[in-house]
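**Q** the following comprises the amino acid sequence and a computationally predicted model.
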There are 2 protein chains.
Amino acid sequence: MEKVRGILDQNAFSMAHIDKADARIGALVRKRLETVGPTSMLFYEEPLHIVRGERVWLFDDQGKRYLDVYNNVPSIGHCHPRVVQAVAEQMGTLNVHNRYLHEGIHRYAERLLDTLPRTLNRLVMMCTGSESNDMALRLARGWTGRQGIIVTEAAYHGNTAAVTEVSPSSYKQGTPPDHVHILPISRMSEQADPAAWFAEQVRFGIEQLEARGHGCAALLVDSIFSSDGIYADPAGFLKPAVELLQARGGLFISDEVQPGFGRTGQGMWGFSRHGVTPDVVTMGKPMGNGFPMSGLAAREELLAVLNTDVGYFNTFGGSPVAVAAGTAVLDVIDEEDLMANATRQGEYFKRQLQDIQARFEEVSDVRGAGLFLGLDLCDPTRDGAPDAQRTTALINDLKRNGVLIGGAGKSGSTLKIRPPLCIERSEADLFLDRFEQSLRTTAR
Amino acid sequence: MEKVRGILDQNAFSMAHIDKADARIGALVRKRLETVGPTSMLFYEEPLHIVRGERVWLFDDQGKRYLDVYNNVPSIGHCHPRVVQAVAEQMGTLNVHNRYLHEGIHRYAERLLDTLPRTLNRLVMMCTGSESNDMALRLARGWTGRQGIIVTEAAYHGNTAAVTEVSPSSYKQGTPPDHVHILPISRMSEQADPAAWFAEQVRFGIEQLEARGHGCAALLVDSIFSSDGIYADPAGFLKPAVELLQARGGLFISDEVQPGFGRTGQGMWGFSRHGVTPDVVTMGKPMGNGFPMSGLAAREELLAVLNTDVGYFNTFGGSPVAVAAGTAVLDVIDEEDLMANATRQGEYFKRQLQDIQARFEEVSDVRGAGLFLGLDLCDPTRDGAPDAQRTTALINDLKRNGVLIGGAGKSGSTLKIRPPLCIERSEADLFLDRFEQSLRTTAR
């Protein structure tokens, strides 16, 4: 089994840089480590102290503003007043678990299920994408009686014990568990026929898992492959693999935590670009624009698995307040026509980034759909090898330059461009301008 | 291994009763099942449609009010305006993950850690008690290199794959996994020396787990034993067991999701009544009075385990909004002196319930601490056998009578009395009066 490396720490602050940090930042970092400790990860060589957010902007404690092309939780814009108002009103009226009847949950579930294939006819509401993927794994294993799971090589699906096993980007050492097969998605760009190649990789994975005695319960992928470095094209490349998998009785779990809720511009969900019908759809991050909520959609018979051996209940999931937040998000996506904006601005970003690619040899690829784009950095002096160091330098220089961005990919050499869906042309231009500046500043 | 039965469905609505339900309730139930489906559990023979909450009161869609002695999430009172305001203000200012610096999280963590033993010097913030216990299991297994866990026979610790394994109350069939040892806490009331008996049970559990090759990583208990039926006395009964366990290198995980944040009246945490120092403390439910948040406190070296093999990050955990909600809860507990009220009203409840016990032979025991009380129902005509049927009848009759209450315990014959901490004497009297009425109404 190929060894994989952890990429969760990409753009992580290191205490090695503490002495270079501004005194006020250094003091806050120390306070943070003294209270929150080892699980506390901070971004940037010198961490940021953010105090306010609005639309596509974040502001630090000195009043400096940053264009946010990183955060995909506040997907309809930071501190959107519709969500704030909906949450405040409902919290002042009723906030209780869902073992009492509440019309909000039916209405929300109906509306959300309407955006999904008809076979996905039931919605479970939970609090985090991790909880959703944890349940998805249980459903797949309970339904198929098999244990094996196929995931991509730098995938991140969440943080519970079970989900960490299928999140190679969280591994810091060692090899994947025996029941996890790793699909080398980063090799897809070399393939003449990506769809056929992907299907062949899934077929190989199924056989490997069967040979090891686990069988294949599910293929679990983020349908935009965010942590892997964003693989969106050609649309439809997932289809032959999913058909093969389903024909062999495995489930296709589409993790929509990242691409869901309109980010790709072409519909609410990332999988729809591929013409496939998942057995399970998991969702989270942008679902409540920052209110902690998540969901899982599946057909009723599949969910019944959870009621055979064990019971299931989620204390905060599907509360009237979660439903109010989720409803406000759907309202804003419709009313502000955010999917159309994601398509329009996404195409503009892509075109302009391709233009930059033509002018800078260190930019080796631009990929993506809607407002989820990946841009690869390479070192032309080293035969175009992936350049993680340059990527980190760019991320930190762009921060100094007032732009927040992150990295991704197996080699850590992909910039992840993922602004709030309400970003406007002038703001896209500001990003492109600053990005080109930082490319020059960080040139070797 | 003794077979255990699922009790998560206690007081669950059954579709067998749909035809007896009011037409408007029946229509809502059907809508619910058509959207949320199999994982949707509803309370009561005829479910309730709740539309508003305030302090200790919930109101249904007909304007009928119910005294809430069940819900322990809105622990400082339903819709407390301080929490609503804190959440609304912070949501309108900044709501983002914690990989940027934010002073709120340090201040909150410092304040919360100040209420815990000094060895528990770091706080991880997550979203649900399930996530906290899932992490606690990983810490214990990572630290000890062992897999076995000791839990009580009707415990509930959460809903992830890993935590469900150690939650016997969720099992509907089958036996516990081989690495889980079940401690028969319901037999404690028969023991002359409960502390010595509990320690002996833990010693036996450690040996069983060692004999089966797993070793004992941790004893995981809810320190008020909520789902088991509330075992609070004698205070200190956990101490010999915890000392024995820790001497053998196992970790003591105190699940404070239920007793934490002042409910027992005698301090912020249930374990403090026992004079023990946990290795890990998990918390949830009342932490944000309904805002989805949870935590885990442990010493720094132990948390470092999580950073060796894998990385950890929680998207919504420790956001400025979660911290604002949590801070408001701590403020209200202090300012409204809710722990003193929990002690005062709890003692009153207990005294009055013991008086009822003296007058009704079907009330066989009253147990608890502060505002977490358990009352056992038995059938005097059947040699005092536990009476789950009577318990269910009482729960439903009390609902008709305007009081919300739940059940617990291995045999489902314990009433769980757990009102918001702000309950007043007149409201306690109302409960006692209605309870006595329902005891008469449901007499066989």
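**A** Yep, that arrived. The model shown is predicted, which means the values in this text are computed figures rather than measured ones.

**Q** what's A:Ala342 sitting at in phi/psi?
**A** phi -60, psi -40 (degrees, to the nearest 10).

**Q** oh sorry, the question was meant for A:Ala297
**A** Here A:Ala297 shows phi and psi, under degrees, to the nearest 10, equal to phi -110, psi 140.

**Q** surely it touches A:Met287?
**A** No. Using CB atoms under 8 Å, A:Ala297 is not in contact with A:Met287; the gap is 11.7 Å. Backbone N, C-alpha and C define where each C-beta goes, glycine included.

**Q** against chain B, how distant is A:Ile395?
**A** A:Ile395 sits 12 Å away from chain B, going by CB to the nearest CB, to the nearest Å.

**Q** confirm for me that that residue is in contact with A:Glu45.
**A** No. If you go by CB under 8 Å, A:Ile395 and A:Glu45 don't touch, sitting 9.0 Å apart.

**Q** who has more neighbours out of these two?
**A** A:Ile395 (24 against 18; other CB atoms under 10 Å in any protein chain shown).

**Q** contact partners for that one?
**A** Going by CB atoms under 8 Å, 6 or more residues apart in numbering or on different chains, A:Ile395 touches A:Asn11, A:Tyr44, A:Ile405, A:Gly406, A:Gly407, A:Leu415.

**Q** and the first one, what are its phi and psi?
**A** Backbone torsions for A:Asn11, taken as degrees, to the nearest 10, come to phi 60, psi 20.

**Q** same check on the last one?
**A** Main-chain dihedrals, A:Leu415, degrees, to the nearest 10: phi -90, psi 140.

**Q** CA-only coordinates of the helix or strand containing A:Glu210 in PDB, if you can.
**A** Secondary structure from DSSP states H and E places A:Glu210 in helix A:194-211. Taking Å, rounded to 0.1, in the frame of the first residue of the first chain, the C-alpha atoms of helix A:194-211 are listed here in PDB:
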ATOM      1  CA  PRO A 194     -10.200  10.000 -17.400                       C
ATOM      2  CA  ALA A 195     -13.600   8.300 -17.100                       C
ATOM      3  CA  ALA A 196     -12.400   5.000 -18.200                       C
ATOM      4  CA  TRP A 197      -9.300   5.300 -16.100                       C
ATOM      5  CA  PHE A 198     -11.300   6.200 -13.000                       C
ATOM      6  CA  ALA A 199     -13.700   3.300 -13.500                       C
ATOM      7  CA  GLU A 200     -10.700   1.000 -13.900                       C
ATOM      8  CA  GLN A 201      -9.300   2.300 -10.600                       C
ATOM      9  CA  VAL A 202     -12.600   1.600  -8.900                       C
ATOM     10  CA  ARG A 203     -12.700  -1.900 -10.400                       C
ATOM     11  CA  PHE A 204      -9.200  -2.500  -9.100                       C
ATOM     12  CA  GLY A 205     -10.100  -1.100  -5.700                       C
ATOM     13  CA  ILE A 206     -13.100  -3.400  -5.400                       C
ATOM     14  CA  GLU A 207     -11.000  -6.400  -6.300                       C
ATOM     15  CA  GLN A 208      -8.300  -5.500  -3.900                       C
ATOM     16  CA  LEU A 209     -10.900  -5.100  -1.100                       C
ATOM     17  CA  GLU A 210     -12.500  -8.400  -2.000                       C
ATOM     18  CA  ALA A 211      -9.100 -10.200  -2.100                       C
END
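
**Q** residues from the stretch 151-300 of chain A in reach of chain B?
**A** Counting by CB under 8 Å from any CB of the partner chain, the stretch 151-300 of chain A comes close to chain B at A:159-162, A:164, A:170-174, A:284-285, A:290-293, A:300.

**Q** can I assume A:Cys79 is in contact with A:Val56?
**A** No. Using CB under 8 Å as the test, A:Cys79 is too far from A:Val56 to be in contact (11.3 Å).

**Q** of the two, who's got more company?
**A** Using other CB under 10 Å as the criterion, A:Cys79 and A:Val56 rank with A:Val56 on top: 25 against 21.

**Q** which residues touch A:Gly229?
**A** A:Ala154, A:Ser186, A:Arg367, A:Gly374, A:Asp376, A:Ala408, A:Gly409, A:Lys410, A:Thr414, A:Lys416 are the contacts of A:Gly229 under CB under 8 Å, 6+ apart.

**Q** how does it look with 6 Å?
**A** Residues counted as contacts of A:Gly229 (CB atoms under 6 Å, 6 or more residues apart in numbering or on different chains) are A:Gly374, A:Ala408, A:Gly409, A:Thr414.

**Q** A:Leu123: which element?
**A** strand A:122-126.

**Q** between the contacts of A:Ile395, which has the most around it?
**A** A:Leu415 (28 neighbours).

**Q** pull the contacting residues for it.
**A** A:Leu375, A:Ile405 are the contacts of A:Leu415 under CB under 6 Å, 6+ apart.

**Q** now it: how far from chain B?
**A** In terms of CB to the nearest CB, A:Leu415 sits 17 Å off from chain B.

**Q** in the sheet, who's paired with that residue?
**A** As for beta bridges, A:Leu415 partners with A:Leu375, A:Gly407 under DSSP bridges.

**Q** in terms of pLDDT, where does it sit?
**A** Per-residue pLDDT puts A:Leu415 at 97.

**Q** same question, the one 5 residues further on
**A** According to the prediction, A:Pro420 has pLDDT 98.

**Q** thank you kindly, that will do.
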